[in-house]
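Participant: give the three-dimensional model of this entry:
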Amino acid sequence: LPLYSLHSLTHFDVSGNQLSGEVDALVSPSLTYADLSNNHFTSMHRFKKYKVSPLQTLRFCDVSKNAIQINATDIFENIPPNIEQFIASNNEIHGSLPEWLNNLPALRQFDISSNALSGEMPDFAVSISSLQELDMSNQTNGLTGSIPEN
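Facilitator: Reported below is the predicted structural model:
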């Protein structure tokens, strides 16, 4: 993609279009804001790590209201550690959330509602004390277990 050569690009919004295929939320090494919502994307690249600067990392990512069919583990394998808001609601993301999701100390908003997640709900309270909004509602496969108490 030619966008990779735009090293100063920090804000990227293509929401509400008819875009399709595979999406890469990190289209530029300096990107801090990516809104890819309300399109027809069916797959998502794993986050790629850019080591430009700790301050130049993706902080907001919205891929909601697409048709992304991918395992949750694959999406979060290289999620930027400074991400503050991650919204992936209304897709077809399946599987269980990985344990290393707890290594996101800046995460304030996490919305992965209306997908096909299964397994137990992670204990976000232990390591993501900054979390202010958590929405994991309406999973077609259903989360199991109990709500963590700690």
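
Participant: what are the boundaries of the helices in this structure?
Facilitator: According to DSSP state H, the chain carries its helices in the segments 72-76, 124-127.

Participant: just give me the lowest mean pLDDT stretch among these.
Facilitator: Note on the helices of the chain: lowest mean pLDDT is at helix 124-127, with a mean of 67.

Participant: for the most centrally placed residue in the chain, which residues make a bridge with it?
Facilitator: With distances taken as Cα atoms, centre = their mean, F86 lies nearest the centre of the chain, 4.4 Å away. F86 forms beta bridges with C61, F110, as assigned by DSSP bridges.

Participant: measure Q109 to Q132 for me?
Facilitator: For Q109, the distance to Q132 equals 7 Å [Cβ to Cβ, to the nearest Å]. Backbone N, C-alpha and C define where each C-beta goes, glycine included.

Participant: how about stretch 13-23: buried residues?
Facilitator: Residues of stretch 13-23 classed as buried: 15, 23 (neighbour count, 16 or more other Cβ atoms under 10 Å).

Participant: please apply the same query to stretch 61-75.
Facilitator: Within stretch 61-75, the residues that count as buried by 16+ other Cβ under 10 Å are 61-66, 68, 70, 72-75.

Participant: which two of these have the greatest separation?
Facilitator: For these, the maximum inter-member distance is 22.0 Å, found between K65 and T73 (Cβ to Cβ).

Participant: pull the helix or strand with minimum mean pLDDT from this protein.
Facilitator: The least trusted helix or strand in the chain, going by mean pLDDT, DSSP states H and E, turns out to be helix 124-127, with a mean of 67.

Participant: per-residue pLDDT, K49?
Facilitator: 55.

Participant: do you know how far L9 is from N78?
Facilitator: Going from L9 to N78 by Cβ to Cβ gives 19 Å.

Participant: ok, now Q18?
Facilitator: Here the distance between Q18 and N78 works out to 28 Å (Cβ to Cβ).

Participant: same question, L26
Facilitator: Using Cβ to Cβ, L26 is found at 9 Å from N78.

Participant: who has more neighbours, the two?
Facilitator: Counted by other Cβ atoms under 10 Å, L26 and N78 do not tie: L26 has more neighbours, with 22 against 14.
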